[in-house]
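Engineer: fold the following.
(2 chains)
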There are 2 protein chains.
Amino acid sequence: MTEGAPHIDPLFHPRSIAIVGASQNFNKWGAIILHNTIIGNFSGKIYPINPRVGDIFGIPAYPGLEEVPGEIDLAVIVIPKEKVIDALGAAARKGIRYAVLITAGYSETGTDGKRLEEETASCAKKHGIRLVGPNCMGIVSMIPERLASWMPSLIPEPGPVSIVSQSGNMGYSLVQALNNRGVGVCRLISSGNEADLKTPDFLRLLGNDPETRVILSYIEGVDDGRNLFDAFRVVSPKKPIVVLKSGHTAAGARASASHTGALAGSDDLYGALFSQTGVIRARDIEEMIDFAALFSAQPLPGGTRVGIITMGGGWGVLAADACDEAGLSVVPLSPDTRDALDAILPSWWSRSNPVDLVAGLREGDFSQSLVTLLSCDYIDALMLLGIGYGNVRGRFIKESPYAEYYNMKELGTQFMEADEVTARTIIELIDRFKKPMVPVVDQAVITKNARFIQMLKEKGIIIMPSPKRGARALSALTRYGAYLRKERREPTA
Amino acid sequence: MTEGAPHIDPLFHPRSIAIVGASQNFNKWGAIILHNTIIGNFSGKIYPINPRVGDIFGIPAYPGLEEVPGEIDLAVIVIPKEKVIDALGAAARKGIRYAVLITAGYSETGTDGKRLEEETASCAKKHGIRLVGPNCMGIVSMIPERLASWMPSLIPEPGPVSIVSQSGNMGYSLVQALNNRGVGVCRLISSGNEADLKTPDFLRLLGNDPETRVILSYIEGVDDGRNLFDAFRVVSPKKPIVVLKSGHTAAGARASASHTGALAGSDDLYGALFSQTGVIRARDIEEMIDFAALFSAQPLPGGTRVGIITMGGGWGVLAADACDEAGLSVVPLSPDTRDALDAILPSWWSRSNPVDLVAGLREGDFSQSLVTLLSCDYIDALMLLGIGYGNVRGRFIKESPYAEYYNMKELGTQFMEADEVTARTIIELIDRFKKPMVPVVDQAVITKNARFIQMLKEKGIIIMPSPKRGARALSALTRYGAYLRKERREPTA
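Structural biologist: Got it, this is the predicted structure:
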């Protein structure tokens, strides 16, 4: 414990961790969690606790917590439920103040389990130990500790997004999906049955965590709505919270009751709670990831007015539909903007928003069109479609059996280089105009132009895979921007 | 022309093709379309038409259509619009009956262009030539010709899905996304401005095409709603038609008017038209691909009652929500089914639908649980969640720096083999029970377990990337099944 030190919470920043029930049998979670903690390169001390072996994975093991020579900031407990209360006693004697209880078999199994869970929680309370779990998947804290004391076969990449999840699997799914999109993870708490620390507590912790820029929360239900409301109210003005609330249908609520025993609660109630507190609601995992990707790096738009730039008509129509449906406004171009674009673009451009550059794209047209639209005070954000094909086309040409003839190789290289200019232009103009730009890129580019996506990704600009998903994510960004503007004019009661 | 021969339509099955305006300059579509036709391995004769060169890509070129020695079934025309009417005259004299007019600059550019388009269409009509386009991206017919006379940098993989698209780019996006998911393409028609042949004509052709099992149609607007209705009415009972109708919002309709000049029409009207004719409406590109993937290989369900099998509670809750929202019924288990599962599963299984197998999966449990649910006459389809992790876990363990200790390599191999059993079980049981099973697999598996996905893919079983998308696709399959049952009891008026 480093009490009083700013932002140093032993749950996220332990200098040492004990794994009670560490094992060398890879069929047991006690082995897997120890293994992941080690190979994740945890920066602090690791103490495996196991009375029957001298060392595990080359690290000295101790028969009990009290035999550990140094201080312990955090205990991860993975032993049969009958032995947990004793272990908490030992932890208390060792001065441990935080424990993550992985062990299952509590309230999720029925009345007896519920009684044991209550006993365990009150034992922890008596000892002054704060508890994560039980029945959870573990904890991740990647900055700067690189702590991955959890079950999944994955060491997360570090980054700005933190997760509180009432389902361990969902937490894993979210981390994997974020990392796959190029978005890193800061903390993950699998909150399990929430016998002591609950979702609102974790939200508050993450609200004060300087490394966390975006919070994702998977919620099946809470027993204290007021507490959740208060946590949202305090944290939302500091950073965006994206919530996936499940169990909002009759079938889902029944499933939820049999999963965590959570009362899913009235969906209308949750809806009102979210909208009053600026919480952004996602409707599925993909949407949650899309929102996190956009929130993690793009500037907040000043309003809902969007300009669409497309390299093909069909894409433009779908994007206009998607923006309209998502509550964004596809604003008409002013005569001045139209004149400015007339001077840049070939005569057959669409002359309206969506701005269809058609196939006739010359070097410079794209960049100048972007600048023209971004300079408009009546445009808050841009959506870009049909970009990133240069590499797809260039490689196709260069790999052709006819590439040796007709200068095709040279042409292919030109196409490929054009993409780099596009990526650099987007990066530079977001920075210059502080307006969000959402690149929507389709499957050909996703499959075949990893470099283009990577160039953007390195600057935190994450592509969206369809106009609909791009528009919904941009709309979420817009709603949070509007909430913040409102909050700042009207201080919290 | 092979008149009278069954299913031999020169548009889809040309024995020879002339490319009028073929070029060796890869900055021109005339070069790209010829190139793609050649490298796609078209099985018939290819005649490049170009008055100024002797051969292109090693193939003899001819100065005009009339100089070609053999018969020509199909002409693809890629010359300036001023020369098209002359070319149609030459085509007629050569006995050509179908032409794909790539050339742009017609009705999409304004009044003058519209006039020229009308002239061109009536010239074609006078000559007895049916016209695709103008202002289109070309044509694809992969079975058995391997004809890829189109613009994109992609030779499609052959398969059961055919596409009619009023946007060339959208057609390209669809083909690429289908192929990427492991679904092959049979025909693609980029219908362009539809000066002569229109979407309903192509739907009818595809309705009679024995190689086409699923039809996708991207529609911005049609000028003859009755014709579209009739085509749907005739084709829907033969095979599923999935439509993406854009321009259904005010912003989208404006964009559509400036793209193809199409009148988007009332969305309510289209909605009624689709539901009366059993047409499945998709709301975006991803949904269209999901639907095509499920329609292309899964049996039609007898009703909307779905069983959910999951390896984790959170996934089950999201799946139940998603099914409920998509109009599927997450049926309660009968006491008999519950007893049967009690005999197979560990005591802590969820004892309700979703059937949560929890982590305690033993060899055989999964397969027996599937058989138990598939045998229920009150269950029409299954959704499977949390499968395919064996390979992810197995590889993670085997690649660990500690893999040499503790028999981890062996354990890793066991995990990896378990996936193959899972995949084989799914394949076998779909075949045995003729009920659809939708595997929903998350990003960890998509990213890291290509083999599992590939095993299923080879049998046409395409994974869905989220519960919501899986449920919506299954619901689409269900709606088409219900339409067919209704059609068969109540013959068409």
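Engineer: what ranges does the stretch 201-350 of chain A have for its strands?
Structural biologist: Per DSSP state E, counting those that start in this stretch, the stretch 201-350 of chain A carries strands over the ranges A:214-219, A:241-245, A:280-282, A:305-310, A:329-330.
Engineer: so which of the ones you listed is nearest residue B:108?
Structural biologist: Judged by C-beta to C-beta, the one of the strands of the stretch 201-350 of chain A that comes nearest to residue B:108 is strand A:305-310, at 14.6 Å. Every residue, glycine included, has its C-beta placed from N, CA and C.
Engineer: can you show me the CA trace of that closest one as PDB?
Structural biologist: Extracted C-alpha coordinates of strand A:305-310, given in PDB (Å, rounded to 0.1, in the frame of the first residue of the first chain):
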ATOM      1  CA  ARG A 305     -23.700  18.500 -39.200                       C
ATOM      2  CA  VAL A 306     -21.700  16.100 -41.400                       C
ATOM      3  CA  GLY A 307     -20.000  16.400 -44.700                       C
ATOM      4  CA  ILE A 308     -19.600  13.200 -46.800                       C
ATOM      5  CA  ILE A 309     -16.800  12.700 -49.300                       C
ATOM      6  CA  THR A 310     -17.000   9.600 -51.500                       C
END
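Engineer: and residue B:100, which of the strands of the stretch 201-350 of chain A is closest to it?
Structural biologist: strand A:305-310 (24.4 Å).
Engineer: sorry, back to before: wait, which of the strands of the stretch 201-350 of chain A is closest to chain B?
Structural biologist: For the strands of the stretch 201-350 of chain A, the distance to chain B is smallest for strand A:329-330, at 3.8 Å, taking C-beta to the nearest C-beta.
Engineer: just so I have it, where are all the helices in the stretch 201-350 of chain A?
Structural biologist: Using DSSP state H, counting those that start in this stretch, the helices assigned to the stretch 201-350 of chain A run over residues A:225-235, A:250-259, A:267-276, A:285-295, A:313-325, A:335-344.
Engineer: the longest one and chain B in contact?
Structural biologist: It refers to helix A:313-325. Yes. Contact of helix A:313-325 with chain B (C-beta under 8 Å from any C-beta of the partner chain) involves A:313-325.
Engineer: how near is residue A:107 to residue A:21?
Structural biologist: Computed as C-beta to C-beta, to the nearest Å, the residue A:107 to residue A:21 distance reads 20 Å.
Engineer: same question for residue A:388.
Structural biologist: Distance from residue A:388 to residue A:21, by C-beta to C-beta: 49 Å.
Engineer: which one of the two is surrounded by more residues?
Structural biologist: Ranked by neighbour count (other C-beta atoms under 10 Å in any protein chain shown), residue A:388 and residue A:21 place residue A:388 first, with 27 against 23.
Engineer: contact partners for that one?
Structural biologist: Contacts for residue A:388 (C-beta atoms under 8 Å, 6 or more residues apart in numbering or on different chains) come out as A:419, A:422, A:439, A:441, A:445, A:449, A:452, A:453, A:463.
Engineer: now the residues you listed in a markdown table, with distance to residue A:233, secondary structure and pLDDT?
Structural biologist: Shown next, in a markdown table, are the contacts of residue A:388 (distance: C-beta to C-beta, whole Å; DSSP: H, G, I helix; E, B strand; the rest coil; pLDDT from 0 to 100):
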| residue | distance to residue A:233 | secondary structure | pLDDT |
| --- | --- | --- | --- |
| A:419 | 45 | helix | 88 |
| A:422 | 42 | helix | 92 |
| A:439 | 34 | strand | 96 |
| A:441 | 37 | coil | 91 |
| A:445 | 41 | helix | 84 |
| A:449 | 43 | coil | 82 |
| A:452 | 41 | helix | 90 |
| A:453 | 37 | helix | 91 |
| A:463 | 34 | coil | 94 |
